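>>> Need coordinates for the below:
(chains A and B)
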2 protein chains.
Amino acid sequence: MKPVMLDGTIVAKEIKENLKDRIAVLSERNITPCLATILVGDNPSSKTYVKMKGNACEKLGINSISIHLPAETNTEQLIRKIDELNSDPSVHGILLQHPVPDHIDERQAFEAISIEKDVDGVTSRGYGQTAFGFGNFPSCTPSAILKILNYYNLSIKGKHAVIVGRSPILGKPVSALLLNEDATVTTCHSQTENLQEILKTADIVVGAVGKPRFIKGEWLKEGAVVLDAGYNKGNIGDVDEESCLAVASAITPVPGGVGPVTIATLLEHTVLSAEK
Amino acid sequence: MKPVMLDGTIVAKEIKENLKDRIAVLSERNITPCLATILVGDNPSSKTYVKMKGNACEKLGINSISIHLPAETNTEQLIRKIDELNSDPSVHGILLQHPVPDHIDERQAFEAISIEKDVDGVTSRGYGQTAFGFGNFPSCTPSAILKILNYYNLSIKGKHAVIVGRSPILGKPVSALLLNEDATVTTCHSQTENLQEILKTADIVVGAVGKPRFIKGEWLKEGAVVLDAGYNKGNIGDVDEESCLAVASAITPVPGGVGPVTIATLLEHTVLSAEK
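Alright, predicted model coming up:
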């Protein structure tokens, strides 16, 4: 049986339609939601992502401030810029594009973002709130994965979800969100000894490892639901789509799966922040 | 083969010995570490726990302030008391004994504890830091479990750890700590559909479910390492010790396993807080 393609563009469209009304209500109060993005250096993929996010804002009537800092910016300078944005009342959300150049302490920079403006869900404080079930801004890609599962009525409760990857902005928060939705959650990573054996028991598989076409169909259980959160060079996911199509019951394509919903979620968080 | 009994009293003793020197150094600076415990109501087990913690402090030369509030205390009053302790420079650690009476919002009360004094590791902020690998005060029982594994040279890296339970102060942080030590971590709970099947694949099992003698030997893989974080009425753990003794390669007894190390960890955190 051919698997259901979990088209993220439909989900994203619905979220954005919803936002239009909320943005109109804000406009009546003379408030325009505003997202500030910070790009450090000239990584071409990062440039593209930041631009996409900015464009998505503009299209919906959200202000976007795009800050481009030179590659030689140091941690202290970056944090000073973040602090400026923290105290600027016209800015509702701050996104620091990952990754920053190696000489910068990325974690320290992320932590400098105030919890009220952490619409991308990168701070440890935001993560803790998400894991305990009361955060406003869960990390956007994990949140997008939940939205896709809900949109397509795929059940989570009691299912075995296996997450491949444990990064602070992807693997860990998606594990936390699925656990809060009553999945049994296994978090795997580079040190996992028997990954294929574990994947064979998964009802839901999340690729969050950052290795192109890493997860193979042969490793999966018949009927698994596969979510590909990978974004590798050349628009290639973490999932080997070709082999997984033969066994999965549902799968997100790359592009057009998790990606667009991630951006829509970022916009939603920015609007929510403006509403508060 | 008889399993190794993971005697926590030895581990606790070593931690405390170590602390004596650090307390002496603090004393030269005219600092006495101080832990404030708050008990709300008259739950007899809670009374006993708070008393044990207070006694453990006194024995080591740590000041202990024991605050006993009536059962009818409301959330606001409790938070006011916590705020007082937050701003009292002579207090280095605050422990709110769990559980509080039902009419109190326990989460809100926990969150009121300042991160600098959250030596029991109950705030979402502390949890986030722990999960991201840089927290000062991970939740005490999870931290005790790690200490026991390390003391007895039981390897964690690449092993499959299955945690039964997902509470914010036990199941979630022990999952996070083991993940950071490179275990593959599965978090199970009341909604898990195939618990016994999952436990059969576990190299390390943590009972953190709060049901007396819940985990049976028949469910385990031969040679599993079993850690019992349960504290049920009558000093009974979450693990059915009798049946587990037949299959485990190592096991913590109750009492005398995780419990004493938890208390020693609380003291250690209080001293660390005083040092800062």
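>>> quick one: stretch A:100-117 near chain B?
Yes. Using C-beta under 8 Å from any C-beta of the partner chain, stretch A:100-117 comes into contact with chain B via residue A:107. Where C-beta positions appear, they are placed from N, C-alpha and C, glycine not excepted.
>>> Which residue ranges of chain A form strands?
Taking DSSP state E as the criterion, chain A carries its strands at A:4-5, A:34-40, A:63-69, A:93-96, A:160-164, A:184-188, A:204-207, A:225-228, A:250-251.
>>> Indicate which one of those is closest to residue B:247.
strand A:184-188 (21.8 Å; C-beta to C-beta).
>>> Direction included, what does the closest one pair up with?
strand A:160-164 (parallel), strand B:184-188 (antiparallel) (DSSP bridges).
>>> Now render the strands of chain A as CSV, adding mean neighbour count and mean pLDDT.
Output for those, formatted as CSV (neighbours: other C-beta atoms under 10 Å in any protein chain shown; pLDDT from 0 to 100):
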stretch, mean neighbour count, mean pLDDT
strand A:4-5, 14, 96
strand A:34-40, 23, 98
strand A:63-69, 17, 97
strand A:93-96, 27, 98
strand A:160-164, 28, 98
strand A:184-188, 28, 98
strand A:204-207, 28, 98
strand A:225-228, 28, 98
strand A:250-251, 21, 98
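>>> among those strands, which is nearest residue B:139?
When those are ranked by proximity to residue B:139 (C-beta to C-beta), strand A:184-188 comes first, at 18.0 Å.
>>> And the residue of the stretch 101-250 of chain A closest to chain B?
residue A:128 (2.9 Å; C-beta to the nearest C-beta).
>>> ok, and the closest non-adjacent residue to that residue?
Spatial nearest neighbour of residue A:128, excluding adjacent residues (C-beta to C-beta, 6 or more residues apart in numbering or on different chains): residue B:128 at 2.9 Å.
>>> tell me the contacts of that neighbour?
A:123, A:124, A:125, A:126, A:127, A:128, A:129, A:131, B:135 (C-beta atoms under 8 Å, 6 or more residues apart in numbering or on different chains).
>>> if I look at the nearest residue to residue A:47 once chain neighbours are set aside, how far off is residue A:267?
In this structure, residue A:47 finds its nearest non-sequential neighbour in residue A:39, 6.5 Å apart by C-beta to C-beta, 6+ apart. Taking C-beta to C-beta, to the nearest Å as the measure, residue A:39 falls 18 Å from residue A:267.
>>> Ok, residue A:218 next?
From residue A:218 over to residue A:267 (counting by C-beta to C-beta), the distance is 38 Å.
>>> for residue A:253, same thing?
21 Å.
>>> again, but for residue A:254
When residue A:254 is compared with residue A:267 (using C-beta to C-beta), they lie 21 Å apart.
>>> quick one: which of these two has more around it?
residue A:267 (26 against 23; other C-beta atoms under 10 Å in any protein chain shown).
>>> Can you check the pLDDT for that one?
You'll see residue A:267 listed with a pLDDT of 98.
>>> wait, doesn't it sit right on residue A:57?
Yes. Between residue A:267 and residue A:57 there is a contact at 6.6 Å, judged by C-beta atoms under 8 Å.
>>> Do a quick rundown of the helices in chain A.
Using DSSP state H, the helices of chain A run over A:8-28, A:44-60, A:75-86, A:106-112, A:124-131, A:140-151, A:171-180, A:195-199, A:241-245, A:258-275.
>>> Out of these, which gets nearest to residue B:243?
So among the helices of chain A, helix A:195-199 is nearest, using C-beta to C-beta, at 25.7 Å.
>>> which bits of the stretch 101-250 of chain A sit near chain B?
Counting by C-beta under 8 Å from any C-beta, the stretch 101-250 of chain A sits next to chain B at A:107, A:123-129, A:131-132, A:134, A:157-160, A:166, A:168, A:172, A:175-176, A:179, A:182, A:184-189, A:191-194, A:197-198, A:201.
>>> Of those residues, keep whichever come out buried.
A:107, A:123-129, A:131-132, A:159-160, A:166, A:168, A:172, A:175-176, A:179, A:182, A:184-189, A:191-192, A:198, A:201 (16 or more other C-beta atoms under 10 Å in any protein chain shown).
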